[in-house]
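Novice: The following block contains a protein sequence and its predicted model.
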Amino acid sequence: MAIAVKYVALFVPDLAKAESFYCQTLGMEVRFRESERSGTWHTLRPGLSWDDAESHGIEIGMVALRREELVLALFRGTPQPGALYELCLGFSSPEIDAIRTRLGEEAEILESRRHWLRFRDPFGLRWAIQPIDARFSSSGEIAGRWID
């Protein structure tokens, strides 16, 4: 029986900034933007920008970003401690190096090894980036930190 992650939903305090960060850093693209009205979500027509929405008094409350089959659903809000500890994504080794260079000063690099990266983004979320074919391993094994 196969299983796949379809989407990950995250709270971020600044949707526009988060959209820009994840598109630039992880190479994601905007799938759609939505506004909540009377308890239901309404989707902005494709091609409408943040400025278009703002000029029409539309408050965007959710953004869906996509890369291949993974979708990040970003909701306006403050992440609660303990809600999500870390999210790990697999990329090719050259792309991991490219992500590292695109992080900039707004992200805090927590650990960085050849073809492996762990960082905290500007919204307080922890990310691990490793080769797509890497098996799940302990942090100590990955970094060579063993207790004797």
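Specialist: That came in fine, so what should we check first?
Novice: list the contacts for the closest residue to residue 106 other than its chain neighbours?
Specialist: Leaving out its chain neighbours, the residue that sits closest to residue 106 by CB to CB, 6 or more residues apart in numbering is residue 122, at 4.4 Å. Using the backbone N, CA and C atoms, a C-beta is placed for each residue, glycine as well. By CB atoms under 8 Å, 6 or more residues apart in numbering, residue 122 lies in contact with 17-18, 21, 106-107.
Novice: pLDDT score for residue 122?
Specialist: Residue 122 is assigned 91 on the pLDDT scale.
Novice: sec struct for it, please.
Specialist: Secondary structure assignment for residue 122 (DSSP: H, G, I helix; E, B strand; the rest coil): coil.
Novice: Regarding residue 51, what is its secondary structure?
Specialist: Following three-state DSSP, we place residue 51 in the helix state.
Novice: what element comes up after the strand or helix carrying residue 88 heading to the C-terminus?
Specialist: Using DSSP states H and E, residue 88 maps to strand 87-91. Once strand 87-91 ends, the next helix or strand along the chain (criterion: DSSP H and E) is helix 93-102.
Novice: neighbours of residue 105, just the number please.
Specialist: Using other CB atoms under 10 Å, residue 105 has 6 other residues around it.
Novice: Roughly how far does it sit from residue 122?
Specialist: 10 Å (CB to CB, to the nearest Å).
Novice: Residues contacting the strand holding residue 88, please?
Specialist: 8, 26, 70, 99, 125-134.
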